[in-house]
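Trainee: the following block contains a protein sequence and its predicted model.
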Amino acid sequence: MPNNGTAAKVATEERLYRIGDVSRLAALKPFVLRYWESEFPMLQPVKNSNGQRLYRQEDVDMVFRIKRLLYDEGFTITGARRHLQEHAGGMESESASGHAPAGGAAQLLSRKMLLDLRDTLRAFLTLLERR
């Protein structure tokens, strides 16, 4: 008969990642992660008795959300922070269902179109400046 105390302990234990692990997973420098902690209140890894940062899975997921917003979608730090704060409940429903909320898809498409338009206009501006 298995020891139920041990099984309960294993079930409640959570995988923790050091900053170096998260840095490698997300392809980011550790100083970027430390900076993001100061800019994004929702990113709060725990610290052990030695002061080392330990990221829970939800922290790692947040790092990837922040990276996507900043690097892929072109948000500023302030805009990404605001977006994450406004959509805090929506992110959980999105990840639980595996789909973005219905209005979110149209909003992402519009944002992508605007980013593409911005890039095209910048390219035209560069061509005009060279003449």
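Mentor: In hand now; what should we look at? Numbers count the residues shown, from 1 in each chain.

Trainee: pLDDT score for the residue sitting nearest the centre point of the chain?
Mentor: Closest residue to the average C-alpha location of the chain: residue 65 at 2.1 Å, with Cα atoms, centre = their mean. As predicted, residue 65 sits at a pLDDT of 93.

Trainee: doesn't it belong to a strand?
Mentor: No: using DSSP: H, G, I helix; E, B strand; the rest coil, the assignment for residue 65 is helix, not a strand.

Trainee: near residue 74, how many residues? Count them for me, please.
Mentor: Using other Cβ atoms under 10 Å, residue 74 has 15 other residues around it. In short, each C-beta sits where N, CA and C put it, glycine included.

Trainee: quick revisit: relative to residue 85, how far out is the residue nearest to the centre of the chain?
Mentor: Per Cβ to Cβ, to the nearest Å, residue 65 is found 12 Å from residue 85.

Trainee: which residues are in contact with both of these two?
Mentor: Residues touching both residue 65 and residue 85 by Cβ atoms under 8 Å, 6 or more residues apart in numbering: none at all.

Trainee: where do the helices sit along the chain?
Mentor: Counting by DSSP state H, the chain has helices at residues 4-12, 19-26, 30-39, 57-67, 77-86, 88-97, 102-129.
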